[in-house]
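Undergrad: Structure for the following, please:
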Amino acid sequence: MDYTAMIEDLEIQISMLPIGYISKKNINGNVYHYQQWAENGKVKSKYIKKGELERMESQIAKRKALEKQLKELKSEKKKHIEVVPYVPHKEKYKTNVVFGTALQDMGEAVRGLAMRDCIKQLMNYLNSPEVDKVCVLYGLRRTGKTTLIRQALLNMPKIQLDRCAYIKIIKSNTMKELAEDLQALYDKKVRYVFIEDISNVSDFVESASVLSDVFAATGMKMVLSGQEPLSFWQSVHGELYERAVMIHTTYISYREHSLLMNDDDLDRYIEYGGVLGNDRPKFGESVGKNNEAADIDIDNEIKAVCHNFLSGILTREVISKKSGASSKTFIWDRRKEKQSQPRLHTVPYNRKIINLIKDLDYIAECPVERMNDTVEDIEEFLFLQPGRKYLNSKKLIGECFKELKVDTISEADKSTIIKDILEEIRNSILKDIVLIETCRGISKRYRAFRLRLPEGSFDMVVYDTEKNECTVFEIVNAKEIQQKHYRNLVDENKIRELENRFGKVTSKYILYRGEDYFEDDKIMYMNIENYLKQL
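TA: Got it, this is the predicted structure:
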């Protein structure tokens, strides 16, 4: 009996099932269920939705049964002394390979969960007759790559699943070992392979073409995923150039996030949006193996983008106004430095790193038009994960205070200013969300952009390139509308200048947090959550 192989197989199956136990809490007469487990000496818990309770109970029970079986098997192994050294037979794999009923269990683990929009791209690749290309699930951490693989397994017909294998890579694996296992699987008529954490392979970047040129070329469909997007970026610009179907997972729209997380809270999406799961996101992750320099460069460039963004909303004049009477005692007033008031300096960008973090799906160019040549041409970026902009900008406020030489103001004033600045950051991010989701939701016939004016801006203009007409939007993070929110929309001179460039204005909208209604057919008020969900 091959105890070693059986133990490895059980350990893999166990690792794919939820840990811990289910507890009940009675709150105001209602019973709530939680998954609880110990991690690093601390008890953690996660709420279980009603529709998921039965599946969770079944999976935890199965894990406990397998753990008991594993314990018995290890005990049994100790009783047997192998007289003849163990020689791996041809089905002994060098990587962690799973197939058969274990694949069905992997699929069942995600049954009932909402699916990412990009599941369609993944299934199209698996069912396409095209050969020579691998499929890369490409994105930052916690954007659903593992769940996508399991949902693909769940959606595969049995005839495909019977010819399918899943491989979990560990850091000690090499491309040579993986290639040998793939060849063995190919000989067993396996034609669909999902390889997770492939970026753990030490020589993946240098040897990735063997996957496309040898195995994909013979008809094997291969789906690759991992936690190090830089490794994939290097591969698709090198060994896998034009031989990879890229499925980007980093960008998760408000509509999709709302569906996946069963959470319509737009404020939470603004502050934490972009990652899946119930834990608060951590955005300082590594992008590639042994690439500390690249991590530092990327962190610094994201910091530069957020710093330059803050320079437009955090000035000493703004601080002076918001701090009220206390501003009379500011150091710069006492030193009579009004003629040379310090401002946040603009950080120059490293174009090479900017282009890299655009490719890694951190940011995208903000589509901006200027009303005329008198408007300053300022480069702007949109974050594909809004929470990344919010958290990084929030961290920089203290540094900006020091740069502006106002860090010695009273704590009460500082607290008030920080609260107001965070609100400004949220307002700006909301406008970014609407713009990027509109750009991605409209057809090629239309162009959506921010229009900079000599004073202020139109938050969004959608231009119909065929009819030469446009719709103009103001975006307000409030339930109540004030005159300042729509003054651009009723400014006849600004509208006339807009029409001179982009044709007749057919509609004017205010997107806000309140209810839909119309005002004399001049301005239409639309709930912003509803607007985003319709895209």
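Undergrad: avg pLDDT for stretch 30-42?
TA: Per-residue pLDDT over stretch 30-42 has a mean of 80.
Undergrad: same thing with stretch 309-329?
TA: Stretch 309-329 comes out with an average pLDDT of 68.
Undergrad: Same check on stretch 452-470?
TA: What stretch 452-470 shows for mean pLDDT is 95.
Undergrad: One more: stretch 366-378?
TA: For stretch 366-378, mean pLDDT rounds to 91.
Undergrad: Going forward, the N-terminal residue is numbered 19.
TA: With 19 as the first residue, the last one maps to stretch 384-396.
Undergrad: What residues sit buried inside it?
TA: 384, 385, 386, 387, 388, 389, 393 (16 or more other CB atoms under 10 Å). Where C-beta positions appear, they are placed from N, C-alpha and C, glycine not excepted.
Undergrad: and the next element down the chain from whichever helix or strand the fourth one is part of?
TA: Translated: residue 387. Element membership for residue 387 (DSSP states H and E) is strand 386-388. Going down the chain from strand 386-388, the next helix or strand is strand 399-401, by DSSP H and E.
Undergrad: hang on, the earlier thing: quick check: the farthest pair among the buried residues of stretch 384-396?
TA: Farthest apart among these by CB to CB are 384 and 389. That separation is 16.0 Å.
Undergrad: tell me the SS of the closest residue in space to residue 402 that isn't next to it in sequence?
TA: Excluding the flanking residues, the one nearest residue 402 by CB to CB, 6 or more residues apart in numbering is residue 269, at 4.4 Å. The local conformation at residue 269, judged by DSSP: H, G, I helix; E, B strand; the rest coil, is coil.
Undergrad: Residue 269: neighbour count?
TA: Residues lying near residue 269 (other CB atoms under 10 Å) number 20.
Undergrad: What of the one 3 residues further on?
TA: Residue 272 has 23 neighbouring residues, counting by other CB under 10 Å.
Undergrad: Same check on residue 276?
TA: When neighbours are counted by other CB under 10 Å, residue 276 registers 20.
Undergrad: Quick one: residues contacting it.
TA: 282, 287, 551 (CB atoms under 8 Å, 6 or more residues apart in numbering).
Undergrad: repeat that for 7 Å
TA: Applying CB atoms under 7 Å, 6 or more residues apart in numbering to residue 276 gives the contacts 282, 551.
Undergrad: Name the secondary structure element that contains it.
TA: Assigned by DSSP H and E, residue 276 belongs to helix 272-279.
Undergrad: how far does that helix sit from the chain's center?
TA: Put simply, helix 272-279 sits 12 Å off its chain's centre (CA atoms, centre = their mean, to the nearest Å).
Undergrad: quick one on the thing from earlier: how far off centre is the strand holding residue 387?
TA: For strand 386-388, the distance to the chain centre is 27 Å (CA atoms, centre = their mean).
Undergrad: Over to stretch 318-330?
TA: Relative to its parent chain, stretch 318-330 has a centroid offset of 20 Å by CA atoms, centre = their mean.
Undergrad: and what of stretch 189-199?
TA: Centroid separation between stretch 189-199 and its chain, computed with CA atoms, centre = their mean, is 29 Å.
Undergrad: ditto for stretch 183-198
TA: Using CA atoms, centre = their mean, the mean C-alpha position of stretch 183-198 is found 27 Å from that of the whole chain.
Undergrad: With stretch 387-401 instead?
TA: Relative to its chain's centre, stretch 387-401 lies at 27 Å (CA atoms, centre = their mean).
Undergrad: Output that stretch as CSV - backbone C-alpha positions only.
TA: Extracted in CSV, the C-alpha atoms of stretch 387-401 (Å, rounded to 0.1, in the frame of the first residue of the first chain):
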residue,chain,number,x,y,z
GLU,A,387,-10.5,67.3,-22.2
ARG,A,388,-9.8,71.0,-21.7
MET,A,389,-12.5,73.6,-22.5
ASN,A,390,-9.8,75.8,-24.1
ASP,A,391,-6.1,76.4,-24.1
THR,A,392,-6.2,78.6,-21.0
VAL,A,393,-6.9,75.6,-18.9
GLU,A,394,-3.8,73.9,-17.4
ASP,A,395,-3.0,70.5,-18.8
ILE,A,396,-2.8,68.3,-15.7
GLU,A,397,-2.2,64.5,-15.9
GLU,A,398,-4.8,62.5,-13.9
PHE,A,399,-5.1,58.8,-13.1
LEU,A,400,-8.0,56.6,-12.1
PHE,A,401,-7.5,53.7,-9.7
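Undergrad: By mean pLDDT, flag the weakest helix or strand of the chain.
TA: Within the chain, confidence by mean pLDDT, DSSP states H and E is lowest for helix 349-352 among all helices and strands, at a mean of 44.
Undergrad: wait, is residue 44 part of a strand?
TA: Yes. Assessed by three-state DSSP, residue 44 belongs to a strand.
Undergrad: And it, how close does it get to residue 64?
TA: Distance of residue 44 to residue 64, computed by CB to CB, to the nearest Å: 18 Å.
Undergrad: Not counting its neighbours along the chain, what's nearest residue 485?
TA: Closest to residue 485 by CB to CB, 6+ apart is residue 521, at 7.2 Å.
Undergrad: That neighbour - how many residues pack around it?
TA: Each residue near residue 521 was counted by other CB under 10 Å, and the total is 15.
Undergrad: who are the neighbours in contact with it?
TA: 486, 487, 488.
Undergrad: Where strands are concerned, which of those residues count?
TA: Under the assignment DSSP state E, those contribute 487, 488 to strands.
Undergrad: Need the contacts of residue 521 in CSV (columns: distance to residue 417).
TA: Below are the contacts of residue 521 laid out as CSV (distance: CB to CB, whole Å):
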residue, distance to residue 417
486, 46
487, 45
488, 40
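Undergrad: Select only the buried ones of the contacts of residue 521 in ChimeraX?
TA: Selecting only the buried entries of the contacts of residue 521 in ChimeraX, with 16+ other CB under 10 Å as the criterion:
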select :487,488
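Undergrad: Between the contacts of residue 521, which sits nearest residue 529?
TA: Of the contacts of residue 521, the one sitting nearest to residue 529 (CB to CB) turns out to be residue 488, at 15.7 Å.
Undergrad: For that closest one, list the residues it contacts.
TA: Contact partners of residue 488, counting by CB under 7 Å, 6+ apart, are 479, 480, 481, 482, 520, 521, 523.
Undergrad: could you redo the last one with a cut-off of 8 Å?
TA: Residues near residue 488 by CB under 8 Å, 6+ apart: 479, 480, 481, 482, 516, 517, 520, 521, 522, 523, 524.
Undergrad: any chance you could map the strands in the stretch 169-318 of the chain?
TA: Along the stretch 169-318 of the chain, the stretches classed as strands by DSSP state E, counting those that start in this stretch are 182-186, 210-214, 239-243, 262-266.
Undergrad: Residue 224 is in contact with residue 258, isn't it?
TA: No. Between residue 224 and residue 258 there is no contact under CB atoms under 8 Å: 11.6 Å.
Undergrad: Compare those two and say which is more crowded by neighbours.
TA: Shown here are residue 224 and residue 258; by other CB under 10 Å, residue 258 has more neighbours (23 against 13).
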